[in-house]
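**Q** Give me the fold of what follows.
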Amino acid sequence: MNPSIMVRCIGRINLTVLDKFMSRIIRLTVEAKQMHITTPAGTDATFTNRPGQTPRYALGYADTPGVHMLGGQIFWGILLETLNGKIVFDGSVNPPIGLIKDPIELTIVKGDIIKIEGGADAARYETWLRSFNDPNMLKIGHVCYGFNPGARLTGDVVEDERIWGAVEWGIGHMAFRPASSHSDGICLNVSVWLDGKQILDRGRSLDPELAEVAKKLGKS
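**A** As a prediction, this is how the structure comes out:
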């Protein structure tokens, strides 16, 4: 983190209002069974949420001893074997690249990456993933929402994965499935359907309660 990120993503954020937004969207999300996520860049993925899960989100308060994450990210559990479709990174990928020049398209079958397409960045990313000779480096590990109203695309994963209306996909190592490394890729301007009902349209809130709170944070 650097001072500019601290100003944008901590100092200028009303954390009380952000808490209302995040608690609302995560409740709607975990109450749903089936999810569908798309982006203008070509992401089109479906999956089933894990039943009985305990979601986690980072609000940014550091008022008690321990580890506290920068506010604006939400994690929830999904059944990875139900994840199918296309994931297209159009923001950044860390490691090994940072900001990307051309979209990186991943074809996903049952949570596994079976094809990587695109330009030079896609070729570099595939080479890096395969360099470990570890099949778990070609598996999706998690998905997270980004909802920090001050975050912008810089190539710094701490900020990028919290961009408003983005989702971040983790690839490789997870506590439940060890791998040689871990990488995070960013999809911008997501549209989200929960059990067939759309709640986000290219990052814009369609749920009336979410939209009202988002306006207080300077977002739509």
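**Q** which other residues reach the helix or strand bottoming out on mean pLDDT in the chain?
**A** Every helix and strand in the chain was compared by mean pLDDT, DSSP states H and E; the lowest is strand 56-58, with a mean of 84. Here strand 56-58 makes contact (C-beta atoms under 8 Å, 6 or more residues apart in numbering) with Met22, Ser23, Ile26, His68, Met69, Leu70, Gly71, Gly72, Gln73, Ile74, Phe75, Trp76. Placement of C-beta: from N, CA and C, glycine included.
**Q** With neighbour count, secondary structure and distance to Leu206 as extra columns, can I get these in CSV?
**A** Formatted as CSV, the contacts of strand 56-58 follow (neighbours: other C-beta atoms under 10 Å; DSSP: H, G, I helix; E, B strand; the rest coil; distance: C-beta to C-beta, whole Å):
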residue, neighbour count, secondary structure, distance to Leu206
Met22, 24, helix, 17
Ser23, 15, helix, 18
Ile26, 18, helix, 16
His68, 13, coil, 31
Met69, 15, coil, 27
Leu70, 21, coil, 26
Gly71, 24, coil, 23
Gly72, 30, coil, 20
Gln73, 24, strand, 21
Ile74, 24, strand, 17
Phe75, 18, strand, 22
Trp76, 19, strand, 19
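**Q** and those, which two are the farthest apart?
**A** Longest distance between any two of these is 19.1 Å, between His68 and Trp76; criterion C-beta to C-beta.
**Q** Compute the first-to-last residue distance for stretch 142-156.
**A** 19 Å (C-alpha to C-alpha, to the nearest Å).
**Q** can you check stretch 165-182 too?
**A** End to end - C-alpha to C-alpha - stretch 165-182 spans 23 Å.
**Q** residues of it that come out buried?
**A** Gly165, Ala166, Val167, Glu168, Trp169, Gly170, Ile171, Gly172, His173, Met174, Ala179, Ser181 (16 or more other C-beta atoms under 10 Å).
**Q** packing partners for the strand or helix carrying Lys86?
**A** With secondary structure defined by DSSP states H and E, Lys86 is part of strand 78-89. The contact analysis (3 or more C-beta pairs under 8 Å, 6 or more residues apart in numbering; DSSP states H and E) places strand 78-89 against strand 44-49, strand 104-109, strand 140-146, strand 177-187.
**Q** neighbours around the residue nearest to Thr82 when sequence neighbours are not counted, how many?
**A** The shortest distance from Thr82 to any non-neighbouring residue, by C-beta to C-beta, 6 or more residues apart in numbering, is to Thr48 (4.1 Å). For Thr48, the neighbour count with other C-beta atoms under 10 Å is 15.
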